[in-house]
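Peer 1: please find the sequence and the predicted model below.
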Amino acid sequence: MSVKIQRKIPELLAPAGTKEAFIAAVEAGADAIYLGGKVLNARMGAGNFSLPEMKDAIEFAHKRKVKVYITVNTLVKDDEMEEAINYCRDLYNIGADALIIQDLGLGYLVKKYMPDFPIHLSTQGSIYDKAGVDAAARLGYERVVLARELSLDEIRTICKETETEIEVFCHGALCICYSGQCQMSRAIGARSGNRGACAQPCRLPYEMIGGGKKKGYLLSPSDMNLIDCIGELSDAGVASLKIEGRMKSPEYVAVVVSIYRKYLDEYKEKGNYKVSDEDRLALAQIFNRGFTTAYINGRSADSEFMSGESPKHRGLPVGEVLSLSKIKAKDDRYTIEAKLIVPVEKNDVLEIGEAHCKVTLLEGKYPKQIIGDVIGNVSRGEKIYRMASDGQIKNASVFYKNKDWHEGKFVKKSKLTWDVVPSKDGYIKCVLRDDAGLSVEVTGGPFEASEEMSSDERIRESLGKMGGTPFEVEKVNIRGRISYRIPVSKLNELRRLAVELMEAKLCEVDRSAGENFDIVDKEFDREFDKELDLHSNACTSNACNIELYYHSVNSFLNDESLKEEIVKIKNANTNANIYIILPATELVYKKSDVEKRRAELGAEIIPYIANITRGKENIRIEKEFDAICELAYRTGLYIGNANWIKRFSDQGIKVYADYGLNRYNKWTARVMKELGAEYVSPSLEEFDIGSGMYGRAPLMVSEHHFGGDKLIDRKGEKYDILRSDHSDQEKITLSGERSISECVSYQLKDAQEKQRWVRVYI
């Protein structure tokens, strides 16, 4: 006798930027859906949902056993926090299953006021190892969305070593920068990705200098496609597979969700699966910038990782141009004779170089056909790409067309079972239940005894008719002989009543967070408002703390103008305290050279650990942990990620939480102190780094190896690419063309007004 094994597979989590995409996701088989509202949303360009729309969406999903997570994944200012927490209260009270949060201060307040409201730490939290997951768990996060840069082995290790739920992205757009660490959009166009307004500068053309001159879309990655990895991710213990795409069409959502659903179910049942060529083509046709598995396989430098010549949808190659004929002598409209490798249909959208075509004419026999009309210049031999398949769009639209929150012919239904129990006094008790133990009960009668007993089959047929409801009956169990006749109309009445009760029960929200929140924690205000970070009250008329943050030790040792610049600063600011901030993993190997230079300059040295230390830097920190502690024992240690704070603070080291932790409000400062930081630096979001007056301010940190030294954008602006033998990551920074003293002078004007310190990146 064979035993059927039901393997545990991850939740399939789908995006929804509109109602149509939401319904498509449910109908296509998503287990959960994430969406955003009109505020605090990292995808403010999506359609998004009002609060009443979210309530409708949640009820629609819950009737079908689908969860709904709301993104509140932007950084929040102090003066925005009351509105933010009250918004979260509203989401709590309408029954959202969880919040996806970036801002650690907001997460702290959600847990304070709504401790039973699950919170998931967004991928913008830049969590990439077990220590980071553990830090998130200590703050109350039930789930962590890992950085997209991790390999399968790293994901497997994290899942094995933590009880916290792990969510990973499996399909869709990639960022070239670690999410949450990007300042490129804000520096170039004053549109912050951490505030929901990313202008996607990574999809623009650049020129690279050094390592062989290149031009093109040098920051634009291909799209992630892990359809072949879902079995391994399931076995690794991943709790949720997440599809990117809140800016995408409902057809995109329908196609991608349905294909991932198909193979997750097949793997659950069989323990293996093979993706068909048809499904691979369908994923590519609906949207692709080229597909990559580089991160999951630990090969972020692969050429296939980048999208190449175009940052937009590539479509599918379907053939090439054999010949062309103008439709009219004076305009650029053509018919073409094409040699096709894939059949096309009328209303397909084609692209041929810079020309495009919605197929209105299709003559001849495949594979050689006449196609029209093509608009734009076309050449013989050019490749033809299908950007949209009319048939695919029509098939995908079935998932949401003619469907609303309350009506439509739905595919996705909750499976229920009836238990019908007759009594001796002419009543029947009908219990409608699901497989999770949720049940409702209705009773009918009394019915008159009759020699003509009610047919069991007739009862099953009547109770099984769920019609347009969100339910499907798997089984009707009749527990005993029914020795009286029950009219069909009464059975229908019992069924309708039970369905109403079950819908109400599934949508029931057993929560009440109160009408108002007093988010001002008086004790916190007294204790923490006086000194939110290391540099509060530092730039007054009495003293000024100035930090010179070097991206490498060598750049500090070789900075020939530094001594002269420090003299200029001290002449202008007699009470200036100069601090040199250097990478700890480099400093331990060059401390004698650094000490000699420090003595010449009369400055203090403070070591730092970078925002992202995955790979080499983590290994070096482990190896030189005691030496770093020795370096930092007197001066303290800057740390830019949550991973290392506890480890060093437990050794008695004064930890300064650095800019990478994105402290944008005083509640985040409190969270950092609870993790073990003594002082907390503000996020780069607080500064006008695009002005150039902060030096070589970090804009991106990437696992990709660019192969050059500088980038130049369309407007001629230059950016440096920095790399180190001590790190696996590369940084993109502003070029830092201003002098240190000029940057300090500029920043001091602002610092004296706002009582901040001054930092120049070099």
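Peer 2: Alright, I've got the coordinates.
Peer 1: grab the nearest non-local neighbour of residue 644.
Peer 2: residue 609 (5.5 Å; CB to CB, 6 or more residues apart in numbering). Where you see a C-beta, it was placed from the backbone N, CA and C, and this is true even at glycine.
Peer 1: I'd say residue 281 and residue 316 touch.
Peer 2: Yes. In this structure, residue 281 is within contact of residue 316 by CB atoms under 8 Å, at 6.5 Å.
Peer 1: neighbour count: those two, which is higher?
Peer 2: For the pair residue 281 and residue 316, the greater number of neighbours falls to residue 316 (19 against 14), based on other CB atoms under 10 Å.
Peer 1: before we move on, back to that, now the common contact residues for residue 281 and residue 316.
Peer 2: Common contact partners of residue 281 and residue 316 (CB atoms under 8 Å, 6 or more residues apart in numbering): residue 342.
Peer 1: okay, the residue nearest to the spatial centre of the chain: pLDDT?
Peer 2: Nearest residue to the geometric centre of the chain (CA atoms, centre = their mean): residue 123, 5.1 Å. Turning to residue 123, the model gives it a pLDDT of 97.
Peer 1: I'd like to know how far it sits from residue 616.
Peer 2: 22 Å (CB to CB, to the nearest Å).
Peer 1: same deal with residue 671?
Peer 2: When distance is defined by CB to CB, residue 671 is 28 Å away from residue 616.
Peer 1: and the lengthiest strand in the chain, what's its mean pLDDT?
Peer 2: Longest strand in the chain by number of residues, with DSSP state E as the criterion: strand 316-326. Average pLDDT, strand 316-326: 94.
Peer 1: from the contact counts, what lies against it?
Peer 2: Applying 3 or more CB pairs under 8 Å, 6 or more residues apart in numbering; DSSP states H and E, one finds that strand 316-326 makes contact with helix 277-286, strand 333-340, strand 383-388.
Peer 1: contacts made by the very next helix or strand once past the shortest one with the rest, please.
Peer 2: Next in sequence after strand 383-388, counting helices and strands by DSSP states H and E, comes helix 390-397. In this structure, residues lying in contact with helix 390-397 by CB under 8 Å, 6+ apart are 24, 250-252, 254-255, 282, 285-286, 345-349.
Peer 1: if we can go back for a sec, okay, now the sheet partners of the longest strand of the chain, with direction.
Peer 2: Strand pairing for strand 316-326, using DSSP bridges, gives strand 333-340 (antiparallel), strand 383-388 (antiparallel).
Peer 1: what's the least confident stretch among those strands?
Peer 2: strand 333-340 (a mean of 94).
Peer 1: mind listing what's buried along the helix or strand harbouring residue 571?
Peer 2: Using DSSP H and E, residue 571 sits within helix 562-572. Going by neighbour count (16 or more other CB atoms under 10 Å), the buried part of helix 562-572 is 562, 565, 566, 568, 569, 570.
Peer 1: for burial, what's the neighbour tally of the spatially closest residue to the last one that is not a sequence neighbour?
Peer 2: Looking back up the chat, that one is residue 570. Excluding the flanking residues, the one nearest residue 570 by CB to CB, 6+ apart is residue 576, at 5.4 Å. Residues lying near residue 576 (other CB under 10 Å) number 18.
Peer 1: got a list of what residue 576 touches?
Peer 2: Residue 576 makes contact with 543, 544, 545, 546, 569, 570, according to CB under 8 Å, 6+ apart.
Peer 1: for it, give its distance to residue 705.
Peer 2: 38 Å.
Peer 1: run through the neighbouring helices and strands of the helix or strand containing residue 187.
Peer 2: Take DSSP H and E as the rule and residue 187 turns out to sit in helix 184-189. On a contact count with 3+ CB pairs under 8 Å, 6+ apart, helix 184-189 meets strand 698-702.
Peer 1: going along the chain from the strand it packs on, find the next helix or strand for me.
Peer 2: strand 710-712.
Peer 1: so residue 349 makes contact with residue 388?
Peer 2: Yes. Using CB under 8 Å as the test, residue 349 is close enough to residue 388 to be in contact (4.1 Å).
Peer 1: neighbour count: those two, which is higher?
Peer 2: Remark: of residue 349 and residue 388, residue 388 carries more neighbours, 20 against 17, as counted by other CB under 10 Å.
Peer 1: which of residue 671 and residue 616 has more neighbours?
Peer 2: residue 671 (26 against 15).
Peer 1: which element, helix or strand, includes that one?
Peer 2: Per DSSP H and E: helix 666-675 holds residue 671.
Peer 1: please name every helix or strand in contact with that helix.
Peer 2: By 3+ CB pairs under 8 Å, 6+ apart, helix 666-675 packs against helix 104-113, helix 522-528, helix 645-649, strand 679-680.
Peer 1: make a markdown table out of those and add mean neighbour count.
Peer 2: Converted to a markdown table, the helices and strands packed on helix 666-675 look like this (neighbours: other CB atoms under 10 Å):
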| stretch | mean neighbour count |
| --- | --- |
| helix 104-113 | 23 |
| helix 522-528 | 11 |
| helix 645-649 | 21 |
| strand 679-680 | 24 |
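Peer 1: these: which one's closest to residue 408?
Peer 2: helix 104-113 (34.4 Å; CB to CB).
Peer 1: re the thing from before, now the longest strand of the chain: buried residues?
Peer 2: Here strand 316-326 shows 316, 318, 319, 320, 321, 324 as buried, counting by 16+ other CB under 10 Å.
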